[in-house]
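S.K.: model the following, please.
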Amino acid sequence: MFGGIGLGFRKAVMSCGRHLHLHTTVSRDGSTETLKRRITELEKMRRSKKSKKRDDIFVQVPESLSFLDTATMPMILTVVGTALFAKLLMMHDDSHSQEMIERKIKNAPVGQGTVRKLTREEWVEFREVRPRTPFRIQACSS
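M.R.: A predicted model of the protein is given here:
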């Protein structure tokens, strides 16, 4: 609402004003230069309001993917950088793995990690113990 007048009413008054303006510029003899100029202006406005997108025809043209086959400098640098980083990580791991093994052996309890031959009695005793499988555990519990 603008000043108590509805927008629709205001549009109607404005369009009437345009019609009155056109009629006042027309002489009784017929069309004048002013009327012709006004008609050409209205035609230009009508044409300019028309959507250009409707007139355009879009044709999808598939782009060539050959640019993906070409190795660019950033691609090469990324591959080289990744390979160098992986190599540095492997070298670091190799240098620490031997130290970790030695540290574990040093910190191990007495007797752990030593290898000796079993006596015949220990071997027979070991063979008498039957392995426990999940199936046997379920069968024994029921």
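S.K.: and Glu121, how far is that from Thr72?
M.R.: 73 Å (C-beta to C-beta, to the nearest Å). Yep, even glycine has a C-beta here, placed from its N, CA and C like the rest.
S.K.: ignore the last one, Val61
M.R.: From Val61 to Thr72 the distance is 24 Å (C-beta to C-beta).
S.K.: again, but for Pro109
M.R.: Pro109 is 58 Å from Thr72, by C-beta to C-beta.
S.K.: ranges for the helices of the chain?
M.R.: 7-25, 33-49, 52-55, 73-107, 120-128, 134-141 (DSSP state H).
S.K.: how about low-confidence regions in the chain?
M.R.: Where the chain drops to pLDDT under 70, the residues are 1-31, 49-56, 135-142.
S.K.: please export the C-alpha coordinates of stretch 73-92 as PDB.
M.R.: Output of stretch 73-92 as PDB, limited to C-alpha atoms (Å, rounded to 0.1, in the frame of the first residue of the first chain):
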ATOM      1  CA  MET A  73      54.700 -30.000 -13.900                       C
ATOM      2  CA  PRO A  74      52.500 -29.900 -10.700                       C
ATOM      3  CA  MET A  75      51.500 -33.500 -11.300                       C
ATOM      4  CA  ILE A  76      55.200 -34.600 -11.600                       C
ATOM      5  CA  LEU A  77      56.200 -32.600  -8.600                       C
ATOM      6  CA  THR A  78      53.400 -34.100  -6.500                       C
ATOM      7  CA  VAL A  79      54.500 -37.700  -7.400                       C
ATOM      8  CA  VAL A  80      58.200 -37.000  -6.800                       C
ATOM      9  CA  GLY A  81      57.400 -35.300  -3.400                       C
ATOM     10  CA  THR A  82      55.200 -38.200  -2.300                       C
ATOM     11  CA  ALA A  83      57.800 -40.700  -3.300                       C
ATOM     12  CA  LEU A  84      60.500 -38.800  -1.400                       C
ATOM     13  CA  PHE A  85      58.300 -38.500   1.700                       C
ATOM     14  CA  ALA A  86      57.500 -42.200   1.700                       C
ATOM     15  CA  LYS A  87      61.200 -43.100   1.300                       C
ATOM     16  CA  LEU A  88      62.200 -40.800   4.300                       C
ATOM     17  CA  LEU A  89      59.500 -42.500   6.400                       C
ATOM     18  CA  MET A  90      60.800 -46.000   5.500                       C
ATOM     19  CA  MET A  91      64.400 -45.000   6.300                       C
ATOM     20  CA  HIS A  92      63.300 -43.500   9.600                       C
END
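S.K.: I'm done for today, thanks for sticking with me.
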